[in-house]
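Trainee: got a predicted structure here, sequence first:
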Amino acid sequence: MARRVEQPAPVQSFQLCAVLLLAACSGTAESQPSFSPAPSTPASDGTITVGEASKPYVQTKAIALEAAAPVVRAPARLAFRDGAVSQINLPVPGRVTEVHVKTGDKVKAGAPLLTLSSPEAAAARAALAAAQAEHEAARKELARQDQMATSGVGIDSERVAAQAKLKQSDAELARASSTASLLGGGGGSVIVLRAPFDGTVIARRATVGTAAEPGGEPLIEIGNPTSLWVVAEVFERDLVQVHEGADVDIEITTNDKPLHGKVVTVGSALTGSLRTAPVYIALDGNTTDVRAGMFARATIKAPAGQSIVLPAEAVLVKNGKKYVVYVEDHGKYRAREVSVGRSVDGAVQILSGLTVGENVIVKGALLVDGAAEQLL
């Protein structure tokens, strides 16, 4: 007789639970709602109505003035002040015969830098000697004519000619002296170029045998290391907060403590594709520990006061250049163009375009204008 084999009850229970679990999961997935913001509806008057599904995600805030002590941070570099660099070249063609300094040397005013040989220098000095001799002869001739006129034996025409000759020799002597004075020390064909002030040789482009021409590349450049300032490149939108006399902290990687200074002038023209203007900062105290060409970071302190400050996500960028904030208008929203200042720690200063008491969107602005971009 055949035996009947029964399936254990626990297996049947497991299969039943699996069926119920799958049914439950299926029912949950079908009943799960998904958020899809309703599109905003623009009206003919320029206002925008937010869809009902998007309203919970749009937050507004009444504008109020807030205490602020804004700062402007900008990349900077140390540079020589105007007039602190001397570019030394030849007034006449010549060839270098001796080099007295190298780049980095500290020199005193009057110290020899280069010695050169120049036939033109010899000619200029010879012309000066000739002009001096001619001037002396003309002076003596006029003195003789004056003496003869006093004695009553002089001839007026000869005396007038002597006066004209002396004036002509005066002019020639002045010209020759001016040319020779540009040659510096030395005699004959030798020219010795000397340091015009105490400083450091920051560039030397001459070696023995180098041929030099007037108007060519400077043979030597000397800078005054005690005459440095900081040049900060400040973005266009931050310039409104930068004023002459403002305090500045300057951070340099080689210094443990920041340097301090004050804004002395703000450049009047923007440069480069980044639209920045140079801001010149005078350093306080000793500058012996810094060098021209060092990179730095400047923190310029603007005057403390009250201003309108909004979260950066409240400010949208339209067409890549225009800043707008959406202002509430009887339950609808209208775009308002604004001028922005410095952005710091997720907040942006509004310089113009908004009025205290107005309600503006501070969160969810992109749900109102999906074609715009956020400032940050």
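Mentor: Alright, I've got the coordinates. This one's a predicted model, so the numbers in the text were calculated from it and none came from an experiment. Numbering: from 1, shown residues only.
Trainee: with adjacent residues omitted, what lies nearest to A211?
Mentor: Leaving aside its sequence neighbours, A211 sits nearest to R95 (Cβ to Cβ, 6 or more residues apart in numbering; 5.2 Å). Any C-beta I mention is one placed from the backbone N, CA and C, and that applies to glycine too.
Trainee: do the same with G320
Mentor: E373 (7.8 Å).
Trainee: which per-residue confidence value corresponds to the one you found?
Mentor: Per-residue confidence at E373 stands at 79 (pLDDT).
Trainee: also E233?
Mentor: Per-residue pLDDT puts E233 at 95.
Trainee: looks like the residue nearest to A211 contacts L114 (just checking).
Mentor: No. Using Cβ atoms under 8 Å, R95 is not in contact with L114; the gap is 10.6 Å.
Trainee: so D170 touches H135, yeah?
Mentor: Yes. In this structure, D170 is within contact of H135 by Cβ under 8 Å, at 6.6 Å.
Trainee: more crowded one of those two?
Mentor: Higher neighbour count among D170 and H135: H135, with 20 against 14, using other Cβ atoms under 10 Å.
Trainee: the more buried one and A174 touch, don't they?
Mentor: No. The pair H135 / A174 is not scored as a contact, 9.5 Å apart, by Cβ under 8 Å.
Trainee: export the lengthiest strand in the chain as PDB, just CAs?
Mentor: Of all the segments of type strand in the chain, defined by DSSP state E, the longest one is strand 71-80. This file holds the C-alpha atoms of strand 71-80, laid out as PDB (Å, rounded to 0.1, in the frame of the first residue of the first chain):
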ATOM      1  CA  VAL A  71      35.300  93.000   4.800                       C
ATOM      2  CA  VAL A  72      36.700  92.600   1.300                       C
ATOM      3  CA  ARG A  73      39.200  89.800   0.700                       C
ATOM      4  CA  ALA A  74      41.400  89.900  -2.300                       C
ATOM      5  CA  PRO A  75      44.600  88.300  -3.700                       C
ATOM      6  CA  ALA A  76      47.500  90.700  -3.500                       C
ATOM      7  CA  ARG A  77      51.300  91.000  -4.200                       C
ATOM      8  CA  LEU A  78      54.100  93.100  -2.800                       C
ATOM      9  CA  ALA A  79      55.600  95.600  -5.300                       C
ATOM     10  CA  PHE A  80      57.900  98.500  -5.400                       C
END
